[in-house]
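Undergrad: Fold the following.
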Amino acid sequence: MAVNVIRDRYRVDLVELQTACEANYARLMRLLPAMREEPSARRVAVSQGEKLLGVLALDVLENCPYTSTIRVRQEHSLPWLPVPALEVRVYHDARMAEVVGAESSRRFRGVYPYPNADMHQPDEKTQLNLFLGEWLSHCLACGHEAELQI
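TA: Next comes the predicted model:
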């Protein structure tokens, strides 16, 4: 006997999304405090004991009066790990940082129908911003200035 299950439609939790974007802004400002004054970049190494797990690369791609665009990517990671790369728009006036690109995808919608041809999750935008927050938090807690001889 087949049972039809009707799911509630996913709705964006704006409070959760805005909270994540505000926290990401604060984390990015701790990692790149002078991003507005000059084009800048930073490398933060994450190690476990003597073993280098990877380097978080932060590169300012563009500075405008109220926004900056930053590329956040992993360098020198373990060969079996996927290498994440995100493009983040930093809104200085609103004090928020939002993921606007990941891998080859750009401009994420708030909600995706599921299933869909691109295999996005219904809450893809929120998940990416939460991932960025966890990544930056880990680097702030466990990272150290990367040495150039990697």
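Undergrad: Would you point out the helix or strand in the protein whose mean pLDDT is lowest?
TA: strand 105-106 (a mean of 64; mean pLDDT, DSSP states H and E).
Undergrad: can you list the weak-confidence ranges in the protein?
TA: 1-10, 12, 78, 104-114, 116, 118-122, 146-150 (pLDDT under 70).
Undergrad: mind listing the helices for it?
TA: 14-31, 124-142 (DSSP state H).
Undergrad: a markdown table for those, including distance to Gly101 and mean neighbour count?
TA: In short, each C-beta sits where N, CA and C put it, glycine included. Converted to a markdown table, the helices of the chain look like this (distance: least, C-beta to C-beta, whole Å; neighbours: other C-beta atoms under 10 Å):
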| stretch | distance to Gly101 | mean neighbour count |
| --- | --- | --- |
| helix 14-31 | 14 | 17 |
| helix 124-142 | 9 | 18 |
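Undergrad: I'd like those written out as TSV, with distance to Pro115 added.
TA: Putting the helices of the chain into TSV (distance: least, C-beta to C-beta, whole Å) gives the following:
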stretch	distance to Pro115
helix 14-31	22
helix 124-142	13
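Undergrad: closest one to Ser68 among those?
TA: Closest approach to Ser68 among these (C-beta to C-beta): helix 14-31, 8.9 Å.
Undergrad: Please identify which of the helices of the chain is closest to Gln74.
TA: helix 124-142 (8.5 Å).
Undergrad: Remind me what the closest one packs against, helices and strands.
TA: helix 14-31, strand 41-48, strand 51-63, strand 67-75, strand 85-91, strand 96-102 (3 or more C-beta pairs under 8 Å, 6 or more residues apart in numbering; DSSP states H and E).
Undergrad: could you redo the last one with a cut-off of 6 Å?
TA: helix 14-31, strand 96-102 (3 or more C-beta pairs under 6 Å, 6 or more residues apart in numbering; DSSP states H and E).
Undergrad: Can I get those in TSV including distance to Gly49?
TA: Formatted as TSV, the helices and strands packed on helix 124-142 follow (distance: least, C-beta to C-beta, whole Å):
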stretch	distance to Gly49
helix 14-31	23
strand 96-102	30
